[in-house]
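Chemist: Next comes the sequence, and after it the predicted model I'd like to discuss.
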Amino acid sequence: MGEFAQQLSSVASSLARRAAADQGGVISGDNPTHWNPSNPFRLWVIQVVIIILFSQILALGLGRIRQPRVIAEVIGGILLGPTVMGRIPHFKDTIFPQDSMATLNLTANVGLILFLFLVGLEIDTRLLKRSVKVSAAVSIGGLVIPLALGAALGVGVYRQFISDTVNFGYFLLFTAVAIGITAFPVLCRILTELKLLETQVGVIVLSAGIGNDVIGWVLLALTVALVNSTGGLTALYVLLASVGYTIFLLFPVKWGFHWLARRTGSLEQGSPTPFMMTVTLLVVFASAFFTDIIGVHSIFGGFLAGLIIPHDNGFAISLTEKIEDLVTILFIPIYFTLSGLRTNLGLLNDGITWGYIIIICLVAFFSKFIPCAGAAYAFGFPWREAGAIGSLMSCKGLVELIVLNIGLQAGILDDRTFSMFVVHAIVLTFITTPLTLLFYPPKHRNLNVIYGSGKAREDPEASPEKSSPVETDFKTKFSLVLDKVDQLPPALALSQLLISDDASTTTVSSVDLYKGKEMLDVSPSPPHTVTVDALRLIELTNRTSAVIRSQEADALVYNDPILSTYSTFASLNNLSVSASLSVVNYDEFPASIAEHATNSESQMVILPWARGTTSILGNEAGDAPLRQNRNPFDRKTATQDQTGSAVYSEFVRSVFLRSPKDVAVFVDRGASIGSAVAGARQHLVLPFFGGPDDRLALTFLVQLCARASVKATVVRIEKNDAGDDKASLVHDGKVEPEHLPGINALTVAAADTVYGAFNTQTRLASETADNLIWEKYTNPDSHSLPDSVRSALKRITFSTKSSAKPLHTAVELVKAEITAASGTSNPTKVVVLVGRSRRMAPEALGAELRTLLTTIGAQLAGSVPRTIGDVGAAFVASNVDASLFVLQAAAAVAPA
């Protein structure tokens with residue numbers, strides 16, 4: 001009987017003897033930590049809670065230094081085991097009594113079967129076709145030499161530490177596998193975390209790791225079969241049964257599974273139906289059961305079941321999402337904590353033992369590093385990339401720990417040697433990330449070899465011809481950020497504004513996958529064709545589904561519904577579009593946006609801020625429900641939307657902070673679907689206060705007015721109370737330090753932009769620039785302007801107003817424009833353009849903003865003015881029924 005079957009029998013016998021529990025429970029004085037074989041649930045819950053808390057707390061700390069989660073789980077187990085917590089009197093007997101281990105082991109092994117199923121599912125054999133020769137060389141070199149040196153190392157370890165009752169040949173085979181195997185799941189996560197997954201280094205390591213991993217599992221299965229057999233002939237039968245079952249599963253069962261997935265529509269919709277999930281789980285556990293009863297560990301059955309899952313149309317990703325959280329949060333920490341509980345560092349108490357640990361670490365590392373790095377270098381890789389490949393291939397991680405646990409359970413390892421190999425696994429896994437960054441830091445990476453990560457440069461020959469900014473101030477290259485489906489409506493609305501009426505007819509001629517991008521090549525390209533580079537951002541998490549999604553980024557760029565919808569809209573509206581997709585950590589979104597804008601040579605980054613969910617409210621009289629537009633900054637509504645959270649506000653500020661290009665945030669506060677009117681026109685309103693951001697807003701407004709359906713009102717508001725005109729800036733009741741040099745600094749609270757004060761030179765230069773651009777657009781006859789600009793200026797009304805309360809005046813102005821627009825026969829939507837004015841603003845409006853809030857009795861989160869500026873915050877607080885376009889000019893355009 002297999003180990004898994006024995007655990008099931010043991011637990012079943014325990015439950016069969018279960019008597020009725022005392023109904024009084026803890027009220028009657030029952031101790032929940034007391035082990036009761038008739039009711040093991042109580043202690044099991046206590047054990048699980050402690051395990052999860054330890055692993056989660058350690059993962060938070062180790063995650064900050066980019067260490068895999070498995071290290072936290074194993075270290076947590078070591079702390080809970082005899083090394084640390086076990087030294088507390090009665091701790092082990094109370095929390096982890098030996099009698100309770102059967103239930104905990106069964107839970108852990110069920111989770112391990114599901115986890116190995118996810119590992120097999122994560123392996124996409126299509127990756128083997130990428131760079132076949134060099135991948136094969138790295139894989140063979142990283143397997144043959146470590147196997148040989150591992151067997152040689154096993155000779156010394158056996159003679160020093162292992163009992164003669166253990167078969168010498170089996171032990172050598174086991175140590176060879178332990179040294180030669182590579183942790184493919186941890187490898188994938190490290191590659192993804194370091195943004196190497198789709199570089200040439202990542203492609204080679206991933207392809208070589210797949211071959212290395214599969215062969216390692218085969219050898220481990222052979223080792224287990226030999227250990228569990230009673231003789232050579234029995235081992236042969238076990239091996240033949242394993243081979244036959246593998247062929248049966250990978251061919252007829254796989255064909256049947258794929259046919260059933262198509263028949264049920266699961267492949268078509270990219271998500272398994274409940275019936276397919278039922279079939280999948282039955283296949284997983286039936287496979288694990290069969291490999292267990294034939295004398296091979298049950299995890300091999302789960303691993304083989306994962307290999308038959310199709311990866312078409314995101315099916316594997318969706319299936320993984322349905323089970324991964326339960327596995328990774330609950331089951332796997334239990335398993336690796338049990339590994340830590342079996343690890344007693346107190347047994348490593350002499351110099352010989354630690355000497356062998358060092359030798360094991362050195363042999364395990366260099367037997368992988370030298371042949372893998374050497375093979376890569378022989379195929380023409382630079383030494384940095386070759387060193388990174390060698391470092392990554394030496395990773396051990398959780399696969400090594402699974403191997404060690406199997407060796408301990410099979411009696412090949414004793415407690416001392418098990419602890420020695422666990423230390424070596426932790427050390428090698430820990431150093432993988434630092435060594436990779438040492439050999440291959442981001443500054444030495446060649447972006448021209450990136451596939452599918454959304455960071456590659458666009459093909460110069462496929463890009464539309466760039467327009468010269470000398471002839472006109474119009475911008476022609478935009479980066480549009482899309483990370484949620486909710487952002488599609490505002491993205492489509494603002495993209496419509498970017499298309500001028502006289503844009504030449506454009507046809508999509510080809511779609512080419514170039515360096516991870518879907519390129520929609522357009523022909524012909526007029527001199528000022530607007531091109532939008534849509535950047536789709538997907539959050540990378542610790543989940544297996546996110547890693548698989550990152551691996552399949554080159555296919556997702558075609559199948560992603562958000563990009564497909566936007567590309568279709570662009571095609572129908574003759575808008576030149578290139579699309580790219582990037583899977584990165586959420587904290588790295590702003591840096592990825594900044595890097596993408598630089599690489600794509602965009603002139604402006606546009607962030608759509610989706611409108612809040614429309615809620616239906618009724619009054620006490622039972623009248624018809626009313627639809628209300630939720631303020632996207634309001635965090636007090638019952639139906640909270642993520643875009644209204646402080647987290648998203650901080651993300652927007654981080655983009656403002658890090659972007660080297662102009663940034664525009666489109667805050668969609670427009671009409672709901674139920675009140676949308678066909679043929680609506682747009683009326684733009686700009687309260688012009690001055691400064692680089694307002695000058696950018698004015699220039700952009702003129703560009704938007706190139707459409708005949710767009711009209712605009714621009715009012716230059718001047719403050720007539722010179723006594724309040726201070727050089728320093730006041731935001732949120734705090735005077736910002738004047739000694740801070742430059743721009744774009746960080747505050748302690750969150751990402752923010754803090755700027756120094758004006759001096760006489762910068763003030764005069766900014767005022768001069770304000771006067772020049774105002775004169776340029778208000779008196780076009782006195783300037784040489786292109787016909788497109790002259791045509792746009794005919795639809796713009798300019799005026800000047802002086803006020804002691806400029807912020808109040810701006811709000812009243814916009815409300816008047818909204819009232820006038822609502823009274824026209826043609827439906828008109830008002831959009832307000834404002835400069836963020838966190839840098840070189842001519843007026844300090846923070847005090848007036850607080851006065852305005854007091855006057856209207858409004859509450860406003862402190863993040864609002866920090867995110868969109870004082871002027872934008874005033875419109876939000878006043879509940880102005882208009883969308884906002886908040887712009888910030890790039891630092892390079894600021895006057896010297």
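Modeler: Looks like it arrived, so ask away. Numbers count the residues shown, from 1 in each chain.
Chemist: drop to CA atoms for contacts and neighbour counts, all remaining ones
Modeler: Fine.
Chemist: so where do the helices sit in the stretch 151-300 of the chain?
Modeler: Here the stretch 151-300 of the chain has its helices, by DSSP state H, counting those that start in this stretch, at 168-180, 184-193, 200-228, 232-248, 254-263, 266-269, 274-293, 298-306.
Chemist: tell me how far the third one is from the chain's mean position?
Modeler: Relative to its chain's centre, helix 200-228 lies at 28 Å (Cα atoms, centre = their mean, to the nearest Å).
Chemist: for that helix, packing partners?
Modeler: helix 132-161, helix 168-180, helix 184-193, helix 232-248, helix 383-393 (3 or more Cα pairs under 8 Å, 6 or more residues apart in numbering; DSSP states H and E).
Chemist: Out of those helices, name the one with the poorest average pLDDT.
Modeler: When the helices and strands packed on helix 200-228 are compared on mean pLDDT, helix 184-193 scores lowest, with a mean of 80.
Chemist: What lies in contact with that one?
Modeler: If you take Cα atoms under 8 Å, 6 or more residues apart in numbering as the criterion, helix 184-193 is touched by 66, 68, 119, 122, 197, 202, 206, 209-210, 213, 392-393, 395-399, 433, 542, 547, 550, 584-585.
Chemist: what's the angle from it to helix 383-393?
Modeler: 140 degrees (axes from the mean of the first three to the mean of the last three Cα atoms, to 10 degrees).
Chemist: For helix 184-193, buried residues please.
Modeler: Neighbour counts over helix 184-193 (16 or more other Cα atoms under 10 Å) mark F184, P185, V186, L187, C188, R189, I190, L191, T192, E193 as buried.
Chemist: picking that back up, which among the helices and strands packed on helix 200-228 is found nearest to T797?
Modeler: Closest approach to T797 among these (Cα to Cα): helix 184-193, 51.6 Å.
Chemist: Dump the C-alpha coordinates for the closest one into CSV.
Modeler: Extracted as CSV, the C-alpha positions of helix 184-193 are listed here (Å, rounded to 0.1, in the frame of the first residue of the first chain):
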residue,chain,number,x,y,z
PHE,A,184,11.1,25.1,-12.1
PRO,A,185,8.2,26.8,-10.2
VAL,A,186,10.5,29.0,-8.1
LEU,A,187,12.5,29.7,-11.2
CYS,A,188,9.5,31.0,-13.0
ARG,A,189,8.6,33.3,-10.2
ILE,A,190,12.2,34.7,-9.9
LEU,A,191,12.3,35.3,-13.7
THR,A,192,9.0,37.1,-13.5
GLU,A,193,9.9,39.1,-10.5
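Chemist: Could you check the angle that helix makes with helix 200-228?
Modeler: Using the same axes, to 10 degrees, helix 184-193 lies at 170 degrees relative to helix 200-228.
Chemist: thinking again about what came up before, out of the helices and strands packed on helix 200-228, which is closest to E817?
Modeler: Closest approach to E817 among those (Cα to Cα): helix 184-193, 49.6 Å.
Chemist: to the chain's geometric centre, what's the distance from that closest one?
Modeler: The chain centre lies 13 Å from the centre of helix 184-193; the measure is Cα atoms, centre = their mean.
Chemist: how about the strands in the stretch 401-550 of the chain?
Modeler: Counting by DSSP state E, counting those that start in this stretch, the segments of the stretch 401-550 of the chain that form strands are 477-482, 507-514, 517-523, 531-539.
Chemist: can you tell me the average pLDDT over the shortest one?
Modeler: Looking back up the chat, that one is strand 477-482. 94.
Chemist: Next: the longest one.
Modeler: On average, the pLDDT along strand 531-539 is 91.
Chemist: Any chance of a PyMOL selection covering the buried ones in the contacts of helix 184-193?
Modeler: To isolate the buried ones among the contacts of helix 184-193 in PyMOL, judged by 16+ other Cα under 10 Å, type:
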select buried, resi 68+119+122+197+202+206+209+210+213+392+393+395+396+397+398+399+433+547+550+584+585
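Chemist: can you list contacts of the helix or strand hosting E812?
Modeler: Assigning secondary structure by DSSP states H and E places E812 in helix 806-822. Around helix 806-822, the neighbours that count as contacts under Cα under 8 Å, 6+ apart are 683, 685, 687, 717-719, 803, 827-830, 832, 845, 848-849, 852, 871, 874-875, 878, 880-882.
Chemist: which is the next helix or strand following it?
Modeler: Next helix or strand after helix 806-822 toward the C-terminus (DSSP H and E): strand 828-835.
Chemist: Look up the closest residue to T33, ignoring the ones flanking it.
Modeler: L43 (5.5 Å; Cα to Cα, 6 or more residues apart in numbering).
Chemist: State the helix or strand in which that neighbour lies.
Modeler: Assigned by DSSP H and E, L43 falls within helix 41-63.
Chemist: That helix: how far from the chain's middle?
Modeler: Between the centre of helix 41-63 and the centre of its chain there are 24 Å (Cα atoms, centre = their mean).
Chemist: now swap in stretch 658-671 and tell me
Modeler: Using Cα atoms, centre = their mean, the offset of stretch 658-671 from its chain centre is 22 Å.
Chemist: pull the CA atoms of that stretch into CSV?
Modeler: Extracted in CSV, the C-alpha atoms of stretch 658-671 (Å, rounded to 0.1, in the frame of the first residue of the first chain):
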residue,chain,number,x,y,z
ARG,A,658,8.1,59.3,-12.3
SER,A,659,7.0,60.1,-15.8
PRO,A,660,9.6,61.9,-17.9
LYS,A,661,6.8,63.0,-20.3
ASP,A,662,3.7,65.2,-20.1
VAL,A,663,1.0,63.4,-18.2
ALA,A,664,-2.8,63.9,-18.6
VAL,A,665,-5.4,62.2,-16.3
PHE,A,666,-8.9,62.0,-17.6
VAL,A,667,-11.3,61.9,-14.7
ASP,A,668,-14.5,60.6,-16.2
ARG,A,669,-17.5,62.2,-14.4
GLY,A,670,-19.8,62.2,-17.4
ALA,A,671,-23.3,61.0,-18.1
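Chemist: who touches that stretch?
Modeler: Stretch 658-671 is contacted from outside by 490, 494, 590-591, 593-594, 597-598, 602-612, 629, 631-632, 655-656, 744, 829, 881-891, using Cα under 8 Å, 6+ apart.
Chemist: hmm, 6 Å instead?
Modeler: Residues outside stretch 658-671 that contact it (Cα atoms under 6 Å, 6 or more residues apart in numbering): 490, 594, 604-611, 882-890.
Chemist: and what of stretch 775-782?
Modeler: Residues outside stretch 775-782 that contact it (Cα under 6 Å, 6+ apart): none are found.
Chemist: gap between that stretch and the chain center?
Modeler: Centroid displacement of stretch 775-782 relative to its chain, using Cα atoms, centre = their mean, is 48 Å.
Chemist: Now the terminal residues of that stretch, how far apart.
Modeler: 9 Å (Cα to Cα, to the nearest Å).
Chemist: so which of the helices and strands packed on helix 200-228 comes closest to L563?
Modeler: Closest among the helices and strands packed on helix 200-228, using Cα to Cα: helix 184-193, at 21.9 Å.
Chemist: Lowest average confidence across helices and strands of this protein, where is it?
Modeler: Least confident helix or strand, the chain: strand 730-731 with a mean of 35, by mean pLDDT, DSSP states H and E.
Chemist: what about stretch 842-852, average pLDDT?
Modeler: What stretch 842-852 shows for mean pLDDT is 83.
Chemist: Can you give me the buried ones in that stretch?
Modeler: For stretch 842-852, burial by neighbour count (16+ other Cα under 10 Å) applies to P842, E843, A844, L845, G846, E848, L849, R850, L852.
Chemist: Stretch 351-366 too?
Modeler: Of the residues in stretch 351-366, those with enough neighbours to count as buried (16+ other Cα under 10 Å) are T353, Y356, I357, I360, C361, V363, A364, F365, F366.
Chemist: What is the burial count for the closest residue to the fifth one other than its chain neighbours?
Modeler: Closest residue to C361 apart from its sequence neighbours, by Cα to Cα, 6+ apart: H424 at 5.3 Å. Here the neighbour count serves as a burial measure; for H424 (other Cα atoms under 10 Å) it reads 22.
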